[in-house]
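J.: Have a look; sequence and predicted model below, questions after that.
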Amino acid sequence: MKALSLRARLAVALVAVALLAVALAALIGNLGLTSRLNEAARGRLADSATHVADIAAAAYKASGGWSASARDELSHVATLDGLHIALELPGGHRLSIGPRPAGVTARAPVLEAARPVATVVVSAANGDLLTPEEQHLARSLDELHLIAAGVAALVALAAAAVLAQTLTRPLRRIRATAERLERGELEARVAPGTEPEMGAVGRALNRLAETLGHEEELRKEGVADLAHELRTPTNALLSRIEAAQDNVLPPEENLAAMHAEAVRLTRLLDDLASLADAERPGLLLDKQPLDLADVARAAAESFSPRFADAGISLAVAAEPAGIDGDAGRVEQIVANLLSNALCYTEPGGHVTLATRVSGREALLEVIDTGIGIPPGDLGHIFTRFWRGDRSRSRATGGTGIGLAIVNELVRAHDGRIEVESTVRRGSRFRVLLPTVDPSRSASR
Ligand code: ADP
């Protein structure tokens, strides 16, 4: 069933309340009036009974008993007063004067020398306790209540229309803004209103719009950065190809350079794929107990030839540090940090890879004696595509994505990363992850 609009629901509720109120008023009014009218009518009937009893007493006295003339007189009174009259005589005899009293009756003793000689019983001749005027009064009260119900329902309908209009105005404003946002008008905002509840919804929508706008900015920046990053190796490749076509450079030298550019392009694409993967909301980690010491030792082993080639010493101080982690992703964290240490350390330098438990956290440290990071750059190094000036040279520079990936993966493991660095002295990257009991860690 289709849900009713707010206006219809308000109308139904208000009309129902109005009708109920009028119906209650009618019920209470009618009950009150009827009982009062009946009370008055009974009083009247009792008075009539006393009056008839007086006349009966006089007639009894005049004719010395219940003679025909006494009964005629009573019959005359019955016709005049619109009553049915009967006399109950001592000994259980009943003397009817015309038709028998029926329905509501009143009684009064007939006294002769203070001695009861009969009891008068009377009832209204037409069977109605109420007079025609009283009946008319009761009917017109019903009519007045009906009119009141109609007027109340109309007023309730009008009030519902006005209320619905007032109540839905802020809702319509919020909806209009949401529709503009949906159409891509990200600068749309809900104007502040006076209603507290709707104001809160409006402010929440405005905050959402701001987040959307910010995300859109980031997306545009990301696309621009990506275009820029792809253009460098692509342009280099193009100029090499043109050089080859023009026979400007010896083919062998040219081919090696083209290969280097293609490798750079592939690395960029690989890094981009890893970053997209790491940034995916709700990244699915295949978590299992593992020891950071094992990961560190394996990484050091695979990196040691490259460190040896670069003339940099690599030391490993691996103490057990159990975590719940995705082995492949944790390996990637260590590999990215090690590869940076390798890139940004001069030959003859030292790199240390350490793991241990520190308080309730498992710690992984990569310490180098490399070029260091200027304090002003420290806030940027985890931003994707950001690269320090000195690393922009193609000789050492990476893609500017490595630390962004590390940051996302550490976050996905509920951990954090800290950096300390001094220019020309070296850097220390610390990854802190929630620890688990090392005895649970599977030795790999
Ligand atoms: P890149 O591919 O350029 O290495 P990263 O995201 O890994 O990208 O690092 C971002 C920047 O942080 C680097 O360009 C470099 O300036 C700086 N950086 C990262 N690691 C180190 C380090 N160990 N020593 C000095 N600078 C570093």
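T.: Received, thanks. Since this is a predicted model, take the numbers as computed values, not measurements. Residues are numbered from 1 along each chain as shown.
J.: ranges for the strands of the stretch 201-350 of the chain?
T.: Secondary structure of the stretch 201-350 of the chain (DSSP state E, counting those that start in this stretch): strands located at 287-291, 313-318, 322-326, 350-358.
J.: Format these as JSON lines; extra columns: mean neighbour count.
T.: From N, CA and C alone the C-beta is placed, and that goes for glycine too. Converted to JSON lines, the strands of the stretch 201-350 of the chain look like this (neighbours: other C-beta atoms under 10 Å):
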{"stretch": "strand 287-291", "mean neighbour count": "18"}
{"stretch": "strand 313-318", "mean neighbour count": "16"}
{"stretch": "strand 322-326", "mean neighbour count": "23"}
{"stretch": "strand 350-358", "mean neighbour count": "19"}
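J.: Make TSV out of the ones you listed and add distance to the ligand.
T.: Below are these laid out as TSV (distance: least, C-beta to the nearest ligand atom, whole Å):
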stretch	distance to the ligand
strand 287-291	24
strand 313-318	13
strand 322-326	20
strand 350-358	9
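J.: As TSV, these with distance to residue 384 and mean pLDDT would be great.
T.: TSV is the format used below for those (distance: least, C-beta to C-beta, whole Å; pLDDT from 0 to 100):
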stretch	distance to residue 384	mean pLDDT
strand 287-291	25	94
strand 313-318	27	97
strand 322-326	21	95
strand 350-358	24	97
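J.: now for those, which one comes closest to residue 300?
T.: Each of the strands of the stretch 201-350 of the chain was scored for nearness to residue 300 using C-beta to C-beta, and the closest is strand 313-318 (4.6 Å).
J.: low-confidence ranges in this structure?
T.: For the chain, the stretches flagged by pLDDT under 70 are 1-2, 389-398, 438-444.
J.: sorry, back to before: for the strands of the stretch 201-350 of the chain, give me CSV that also has distance to residue 340.
T.: CSV is the format used below for the strands of the stretch 201-350 of the chain (distance: least, C-beta to C-beta, whole Å):
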stretch, distance to residue 340
strand 287-291, 23
strand 313-318, 13
strand 322-326, 20
strand 350-358, 10
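J.: closest to residue 169 out of those strands?
T.: The nearest among those, by C-beta to C-beta, is strand 287-291 at 50.8 Å.
J.: tell me what the closest one is packed against?
T.: Helices and strands touching strand 287-291, by 3 or more C-beta pairs under 8 Å, 6 or more residues apart in numbering; DSSP states H and E, are strand 322-326, helix 327-343.
J.: Point out the most buried one among those.
T.: Counting by mean count of other C-beta atoms under 10 Å, strand 322-326 has the highest mean neighbour count of the helices and strands packed on strand 287-291, with a mean of 23.
J.: hmm, back to that, reformat the helices and strands packed on strand 287-291 as JSON lines; add distance to residue 108.
T.: Output for the helices and strands packed on strand 287-291, formatted as JSON lines (distance: least, C-beta to C-beta, whole Å):
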{"stretch": "strand 322-326", "distance to residue 108": "104"}
{"stretch": "helix 327-343", "distance to residue 108": "110"}
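J.: For residue 17, find the nearest of the ones you listed.
T.: Nearest to residue 17, of all the helices and strands packed on strand 287-291, is strand 322-326, at 60.0 Å by C-beta to C-beta.
J.: list the helices and strands that closest one packs on?
T.: strand 287-291, strand 426-434.
J.: could those go into JSON lines alongside distance to residue 14?
T.: Shown next, in JSON lines, are the helices and strands packed on strand 322-326 (distance: least, C-beta to C-beta, whole Å):
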{"stretch": "strand 287-291", "distance to residue 14": "58"}
{"stretch": "strand 426-434", "distance to residue 14": "58"}
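J.: name the element the closest residue to residue 321 other than its chain neighbours belongs to?
T.: The spatially closest residue to residue 321, leaving aside those adjacent along the chain, is residue 362, at 3.7 Å (C-beta to C-beta, 6 or more residues apart in numbering). Here residue 362, judged by DSSP states H and E, is contained in strand 361-368.
J.: that older thread, which among the strands of the stretch 201-350 of the chain is found nearest to residue 252?
T.: strand 313-318 (33.7 Å).
J.: Give the other helices and strands that that closest one contacts.
T.: Counting contacts by 3+ C-beta pairs under 8 Å, 6+ apart, strand 313-318 packs against helix 292-310, strand 350-358.
J.: same thing but 10 Å
T.: The helices and strands touching strand 313-318, judged by 3 or more C-beta pairs under 10 Å, 6 or more residues apart in numbering; DSSP states H and E, are helix 292-310, helix 327-343, strand 350-358, strand 361-368.
J.: need the residues of this structure near the ligand, please.
T.: The chain comes close to the ligand at residues 340-341, 343-344, 368, 370-373, 381, 386-388, 391, 397-404, 427, as judged by C-beta under 6 Å from any ligand atom.
J.: if I look at the residue most central in space within the chain, how far off is the ligand?
T.: Residue closest to the mean C-alpha point of the chain, counted by C-alpha atoms, centre = their mean, is residue 201 at 9.6 Å. Distance of residue 201 to the ligand, given as C-beta to the nearest ligand atom, to the nearest Å: 40 Å.
J.: cool, and residue 25?
T.: 80 Å.
J.: go on, residue 30?
T.: Residue 30 is 87 Å from the ligand, by C-beta to the nearest ligand atom.
J.: okay, now that residue: neighbour count?
T.: Neighbour count for residue 30, taken as other C-beta atoms under 10 Å: 14.
J.: Not counting residues beside it along the chain, what's closest to it?
T.: Nearest residue to residue 30, sequence neighbours excluded (C-beta to C-beta, 6+ apart): residue 141, at 6.6 Å.
J.: For that neighbour, give me its contacts.
T.: Residue 141 makes contact with 26, 29, 30, 32, 33, 34, according to C-beta atoms under 10 Å, 6 or more residues apart in numbering.
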